[in-house]
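In: Dropping the sequence and predicted coords here.
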Amino acid sequence: LPKDSLGIVEFGKDTVVRIARVKSFKLPEKGAGWLAYHLAREEAKKDTAKPTAPNDNVVDGPNDDKEKKDEKGTTLVARELASGTEFQFPLVSEYLFSKNGRSLFFASTGADSTAMPGVFLFATTTRHLDTLSIGKGKFKQLASDEEGDQAAYVADRDTSKEKQRYYALLYWRSGADSASVIADTSTKGFPPRWLVSEYRAPSFSKNGKRLLLGTAPVPLPEDTTMNDEVTAKLDVWNWQDDLLQTQQVKNLEEERKRSYVAAIDLATGAFTQLATPEIPEITVGDEGNADVALGLSNVPYRRMIQWEDHPFHDVYVVDVKTGAAARVLEKHEGSASISPGARFLVWYDMPKRHWLTLDTKTLARK
């Protein structure tokens, strides 16, 4: 099927600029004047002169060439809307504008010695290109603060063929020559036998003083001694399981990629693990600025979902600097939320039919 096209309309003019093979585009959330669009790979034309191989009803194995091709990035174009001037960057896998539109960050998969993998910054005000990381490896999950003066991403620089990959979190600040590792398995306070999650993008607090990331336990190694063709496969469910077997199957991929929120104080570099398997849901108050977070856990009550209409949660107030969690509600019917300034927790008491609040500093109810 034909690929999607991007149309650009300037108000007051009848002309429409059409750009073919665009698989995505982004505009700065609070800035103006720039557009970035990511082109899809141009499909090679089929040679109709070559004879078609007969169908022998044999299913082909994995196409390694196709998988390697899919891993390679494609062209990213930054366009200044007023003038129509464009800047092209090859082999890009993902990209991100800062909210003000002054910084365009992108990761490249590279191809050979002439185009190395890495992470780069294109400054839209100066049209200058900076290198944050370069060299063999995989770079993903780009994040930026609101001003575009800080960036973070996860990277795997290991060139071995080990199946278990250990990603590190890299951090860059304006004025630095390049990004550096700010968190990995050797970081002080990092949970033992855990790793930086490749499936969760880091995020900055609104004031840019804190960096939130995802961590996860190291998964069990895949058993490569078993032959799929002669090994029976079955799902075994026990009545004491947290979830029904159908839910377990449906949530399998989500659980495989589950991560737990941790925080880094950018002034001191202190690492604090906030979420845990016992308290999996964490919301840091005041858009990440606050020193207090809301923790929710349905872990003790998951089995009750099978016969109850409403979910139950234990509700916690979590100290972002230390990770200490104080349980303030037990077996609460429903959920809870944290106020915009992180001063209060708010919830609805179903049996009492009444809204209640709790002071996050004194833990007193009001």
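Out: On my side now, so go ahead.
In: Can you name the next helix or strand after the helix or strand of the chain with the lowest mean pLDDT?
Out: Lowest on mean pLDDT, DSSP states H and E among the helices and strands of the chain sits helix 64-71, with a mean of 53. As assigned by DSSP states H and E, the chain's next helix or strand after helix 64-71 is strand 74-80.
In: Give me the residue ranges of the stretch 201-350 of the chain where confidence is low.
Out: 224 (pLDDT under 70).
In: can you map out the strands along it?
Out: For the stretch 201-350 of the chain, the strands defined by DSSP state E, counting those that start in this stretch cover 203-204, 210-217, 260-265, 271-273, 281-284, 292-297, 312-319, 325-333, 337-338, 344-349.
In: Could you dump those strands into TSV with mean neighbour count and distance to Leu91 added?
Out: (C-beta placed from N, C-alpha, C; glycine too.) Output for those, formatted as TSV (neighbours: other CB atoms under 10 Å; distance: least, CB to CB, whole Å):
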stretch	mean neighbour count	distance to Leu91
strand 203-204	21	26
strand 210-217	22	26
strand 260-265	23	30
strand 271-273	18	33
strand 281-284	20	35
strand 292-297	23	39
strand 312-319	21	41
strand 325-333	16	44
strand 337-338	18	42
strand 344-349	17	47
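In: Reformat these as TSV; add distance to Tyr167.
Out: Listed next are these as TSV, based on distance: least, CB to CB, whole Å:
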stretch	distance to Tyr167
strand 203-204	16
strand 210-217	10
strand 260-265	13
strand 271-273	15
strand 281-284	20
strand 292-297	24
strand 312-319	25
strand 325-333	26
strand 337-338	29
strand 344-349	33
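In: Of all the ones you listed, which one is nearest Ser83?
Out: strand 203-204 (31.2 Å; CB to CB).
In: ok, that closest one: who's next to it in the sheet?
Out: strand 210-217 (antiparallel) (DSSP bridges).
In: Now do the strand it pairs with: everything it contacts.
Out: 152, 169, 171, 182-183, 190-191, 193-197, 199-205, 258-266, 273, 277, 284, 288-289, 320 (CB atoms under 8 Å, 6 or more residues apart in numbering).
In: What's the PyMOL syntax to select whichever of those are buried?
Out: Selecting the buried subset of the contacts of strand 210-217 in PyMOL, with 16 or more other CB atoms under 10 Å as the burial test, is done by:
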select buried, resi 152+169+171+182+183+190+191+194+195+196+197+200+201+202+203+204+205+258+259+260+261+262+263+264+266+273+284+288+289+320
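In: Show me the strands in the stretch 51-200 of the chain, by range?
Out: 74-80, 86-97, 103-108, 118-123, 128-134, 138-144, 150-156, 168-173, 180-183, 194-196.
In: Show me what the first one is packed against.
Out: Using 3 or more CB pairs under 8 Å, 6 or more residues apart in numbering; DSSP states H and E as the contact criterion, the secondary-structure elements in contact with strand 74-80 are strand 34-39, strand 86-97.
In: which outside residues touch stretch 110-120?
Out: 72, 89-91, 105-109, 129-139, 142, 151, 153, 155, 170, 179.
In: how about 7 Å then?
Out: For stretch 110-120, the surrounding residues in contact (CB atoms under 7 Å, 6 or more residues apart in numbering) are 72, 90-91, 105-109, 129-137, 139, 153, 179.
In: What is the end-to-end distance of it?
Out: End-to-end distance of stretch 110-120: 12 Å, with CA to CA, to the nearest Å as the criterion.
In: cool, stretch 183-198 as well?
Out: 13 Å.
In: Now do that stretch, average pLDDT.
Out: What stretch 183-198 shows for mean pLDDT is 96.
In: Run the chain-centre distance for it.
Out: Its chain's C-alpha centre lies 17 Å from the corresponding centre of stretch 183-198 when counted by CA atoms, centre = their mean, to the nearest Å.
In: picking up where we left off before, I'd like the strands of the stretch 51-200 of the chain laid out as JSON lines, including distance to Lys233.
Out: Shown next, in JSON lines, are the strands of the stretch 51-200 of the chain (distance: least, CB to CB, whole Å):
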{"stretch": "strand 74-80", "distance to Lys233": "37"}
{"stretch": "strand 86-97", "distance to Lys233": "34"}
{"stretch": "strand 103-108", "distance to Lys233": "37"}
{"stretch": "strand 118-123", "distance to Lys233": "40"}
{"stretch": "strand 128-134", "distance to Lys233": "41"}
{"stretch": "strand 138-144", "distance to Lys233": "31"}
{"stretch": "strand 150-156", "distance to Lys233": "30"}
{"stretch": "strand 168-173", "distance to Lys233": "35"}
{"stretch": "strand 180-183", "distance to Lys233": "37"}
{"stretch": "strand 194-196", "distance to Lys233": "28"}
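In: Minimum distance to Arg18: which of the ones you listed has it?
Out: strand 74-80 (13.1 Å).
In: I'd like to check the angle between that closest one and strand 86-97, please.
Out: Calculated by axes from the mean of the first three to the mean of the last three CA atoms, to 10 degrees, strand 74-80 forms an angle of 100 degrees with strand 86-97.
In: For strand 74-80, which strands pair with it and how are they oriented?
Out: Strands that pair with strand 74-80, judged by DSSP bridges, come out as strand 34-39 (antiparallel), strand 86-97 (antiparallel).
In: Can you tell me which of those is nearest to Leu356?
Out: strand 86-97 (39.9 Å).
In: In this model Val299 seems to touch Leu243, though I could be wrong.
Out: No: counting by CB atoms under 7 Å, Val299 is not a contact partner of Leu243; they are 11.2 Å apart.
In: Tell me how many other residues crowd Leu6.
Out: Using other CB atoms under 10 Å, Leu6 is surrounded by 19 other residues.
In: ok, now which ones touch it?
Out: Ile19, Val22, Phe25, Tyr37.
In: Now tabulate the residues you listed in a markdown table and tack on distance to Pro217 and neighbour count.
Out: Output for these, formatted as a markdown table (distance: CB to CB, whole Å; neighbours: other CB atoms under 10 Å):
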| residue | distance to Pro217 | neighbour count |
| --- | --- | --- |
| Ile19 | 44 | 17 |
| Val22 | 39 | 17 |
| Phe25 | 37 | 17 |
| Tyr37 | 38 | 21 |
